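In: Okay, structure incoming, though there's no sequence with it:
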């Protein structure tokens, strides 16, 4: 599907994650929240795929579904050559070391009753047969790698600042030498100076260990800094996927345009000059998405076809994918 | 040698975690007082009979209705004797010896029944909270047991099982097993409900998700991540459970369905003395004091232990 020479490490096809809604006296199933509704993308070995979108568009659910933290509704997920879309959780256990996750809230993602050493050691306990001394040494190495003082191994998470806690989370994710790490808004809960430290740490570790990231964020400038390619999600679907430079220089999908125009510019004269696209209304409910294109209720360049037919997700230029009727037509006339 | 000294300097606080727990526990004055009292009462009922060598069942009609020794201060005519400092009852049995013997039974019943109830409650609560498939079944079962009228149930249990158990384990052990099981299996429901609620809330926390992404299997998820975090409510219901167990046992003894009538327990001494409470208040006060102070002490210990086991509070 992609014309690059590298093989994809992770390949997701038509991933759907629907959460049932139960209501009424008998708790009958009355509908479903289509948190992720037919998402396809590849992550090439060694790259960072940024996944952006506004709150509630299904980014985090997508990241968790890719790691099979949920039992997905349908779709195919291939990680490192193994199809894991419908593998049972028990069978998945042996494949867990290859894929790990860094969580959004470093406060909530660390068990308050465990010491830092115990937290970082947990993956080693589960998947390796190292002796206690070797494990402790490995924990020390990991703490060095993420820039934590080894002396603090016996402390509890509440003794650390947000940035340090996130480093603990990263060290835990690195413990099993994974190939693929899903970073679920790892910087959203940190303040700006710490954000930069953590992102730089992630980049250094990527270089050092040859990691592949799926970097979920709503911070467009941070994604621009770290990502190789960027996918934009809206209401459970990917509306555009493109290499970073191309996406930021010339966004195709109207939603991407609106999203990028909302990024604040530090230069006041430039900020005044830019004409911001302000979207009207709210995101429709994922339990009841609009007919046709999901974005048709708010799109500035909406057409009649958008309200009836769902656009297909296709490659509009080499390496650039989008799901928009504007380009479908262009494509048709061009051919 | 150099290796060990190096690791000792490299990692701070490599000392025992329980040392920190004890240090935190000591800062809770009520808990320390509670622990002191519990040690005292335990020694009183275990070592006490060795030092105070009086048979609790021995009748001494001539020495009946002796008032406790402190009555001599208020009333010089009161019938007091250093031979029985807490007084004797209407049959001349020494009250101190009875409190000692009764305490042993009451404490044993209380602790065992509480541990049994907390164990069942935690097991059912954790299973119902963690495994969604079992939730409906187990919680409806809990509701079912909760809806049963407990006293009639215990009475039926006593009638059905008393004689076979007596035959197998002897009269005292048989009744002990029966009472402990009876109280245990009828008082786990509150614990189960509380634990289930907490487990369900914890299950959605990110650290549980993180453990799942590591591939931690369910049983270690429960023992490593969930149980330590539901420790506080379990501890609270355990301390309350001890009190309920002691009191339920006395209610059963009162109804004549507990231990045999010549076998003292705190609850039974209390109930036997109620008739003549106005004339001899001390006979109610001694066992009542023992029960309430024990329960209070255990409550304080539970409180202190809960704080001491929580690393968020410890060391602050």
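Out: Received it, and whenever you're ready, just let me know what you need. It should be emphasised that the depicted structure is a prediction, and the values quoted were computed from it without experimental measurement. Residues are numbered from 1 along each chain as shown, chains lettered A, B, ... in the order given.
In: switch to C-alpha atoms for all contacts and neighbour counts from now on
Out: OK.
In: so the residue nearest to residue B:313 when sequence neighbours are not counted is in which element?
Out: Distances taken as C-alpha to C-alpha, 6 or more residues apart in numbering or on different chains place residue B:307 nearest to residue B:313, at 6.2 Å, with adjacent residues excluded. Assessed by DSSP states H and E, residue B:307 sits inside helix B:282-309.
In: for residue A:75, same thing?
Out: Taking DSSP H and E as the criterion, residue A:75 maps to strand A:74-79.
In: That strand pairs with which strands, and in what direction?
Out: strand A:8-23 (antiparallel), strand A:82-83 (antiparallel) (DSSP bridges).
In: how distant is it from the center of its chain?
Out: 15 Å (C-alpha atoms, centre = their mean, to the nearest Å).
In: List the contacts of it.
Out: The contact list for strand A:74-79 (C-alpha atoms under 8 Å, 6 or more residues apart in numbering or on different chains) reads A:9-17, A:38, A:66, A:83-86.
In: Let me know the pLDDT of residue 17.
Out: All of this is about chain A. The model reports residue A:17 with a pLDDT of 90.
In: oops, I was thinking of chain B
Out: 71.
In: quick one: it and residue A:96, what's the gap?
Out: To residue A:96, residue B:17 is 31 Å away according to C-alpha to C-alpha, to the nearest Å.
In: higher neighbour count, the two?
Out: Neighbour totals were compared for residue B:17 and residue A:96, and residue A:96 leads with 21 against 11 (other C-alpha atoms under 10 Å in any protein chain shown).
In: what does the average pLDDT come to for stretch A:28-36?
Out: Averaged across stretch A:28-36, the pLDDT comes to 86.
In: Name the nearest residue to residue A:213, sequence neighbours excluded.
Out: Per C-alpha to C-alpha, 6+ apart, closest to residue A:213 is residue A:48, 4.6 Å.
In: again with residue B:111
Out: Among residues not flanking residue B:111 along the chain, residue B:242 sits closest, at 6.1 Å (C-alpha to C-alpha, 6+ apart).
In: tell me which element that neighbour falls in.
Out: helix B:231-254.
In: Give me the contacts around that helix.
Out: Helix B:231-254 is contacted from outside by B:106-107, B:109-111, B:113-115, B:117-118, B:122, B:179, B:183-184, B:187, B:190-191, B:194-195, B:258-259, B:265-268, B:271-272, B:291, B:295, B:298-299, B:302-303, B:306, using C-alpha under 8 Å, 6+ apart.
In: Name the residues of it that are buried.
Out: Under the neighbour-count criterion of 16 or more other C-alpha atoms under 10 Å in any protein chain shown, helix B:231-254 has B:231-232, B:234-254 buried.
In: and what of stretch B:260-279?
Out: B:263, B:264, B:265, B:266, B:267, B:268, B:269, B:270, B:271, B:272, B:273.
In: Stretch A:227-234 too?
Out: Under 16+ other C-alpha under 10 Å, the buried positions of stretch A:227-234 are A:227, A:228, A:229, A:230, A:231, A:232, A:233, A:234.
In: ditto for stretch A:234-251
Out: Going by 16+ other C-alpha under 10 Å, stretch A:234-251 has these buried residues: A:234-244, A:247-248, A:251.
In: what comes into contact with that stretch?
Out: Stretch A:234-251 has contacts (C-alpha under 8 Å, 6+ apart) with A:34-40, A:53-54, A:56-59, A:224, A:227-233, A:252-253, A:255-257, A:260, A:283-284, A:286, A:289, A:294-295, A:313, A:319-324.
In: of those residues, buried ones?
Out: So, by 16+ other C-alpha under 10 Å, the buried ones in the contacts of stretch A:234-251 are A:34-40, A:53-54, A:56-59, A:224, A:227-233, A:252-253, A:255-257, A:260, A:283, A:286, A:289, A:294-295, A:313, A:320-324.
In: Counting only strands, which of those make the cut?
Out: A:34-40, A:229-233, A:320-322 (DSSP state E).
In: so which of those comes closest to residue B:173?
Out: Ranked by distance to residue B:173 (C-alpha to C-alpha), these are led by residue A:35 at 60.5 Å.
In: and that closest one, what does it touch?
Out: Applying C-alpha under 8 Å, 6+ apart, the residues near residue A:35 are A:16, A:17, A:18, A:19, A:57, A:58, A:61, A:62, A:235, A:236, A:286.
In: could the residues you listed be laid out in CSV, adding distance to residue B:74?
Out: Converted to CSV, the contacts of residue A:35 look like this (distance: C-alpha to C-alpha, whole Å):
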residue, distance to residue B:74
A:16, 85
A:17, 81
A:18, 80
A:19, 77
A:57, 81
A:58, 80
A:61, 78
A:62, 81
A:235, 84
A:236, 84
A:286, 81
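In: Ramachandran angles for residue A:71?
Out: phi -90, psi 110 (degrees, to the nearest 10).
In: got it, and residue A:179?
Out: Dihedral angles (degrees, to the nearest 10) for residue A:179: phi -100, psi -30.
In: Determine which two of the contacts of strand A:74-79 are furthest apart.
Out: Pairwise over the contacts of strand A:74-79, using C-alpha to C-alpha, the maximum falls at A:9 and A:17, 21.3 Å.
In: Compare the two and say which is more crowded by neighbours.
Out: Taking neighbours as other C-alpha under 10 Å, residue A:9 and residue A:17 compare with residue A:17 leading, 25 against 19.
In: how near is the more buried one to residue B:213?
Out: 17 Å.
In: residue closest to the middle of chain B?
Out: residue B:242 (2.8 Å; C-alpha atoms, centre = their mean).
In: Contacts only, for residue A:177.
Out: Counted by C-alpha under 8 Å, 6+ apart, residue A:177 has contacts A:97, A:98, A:209.
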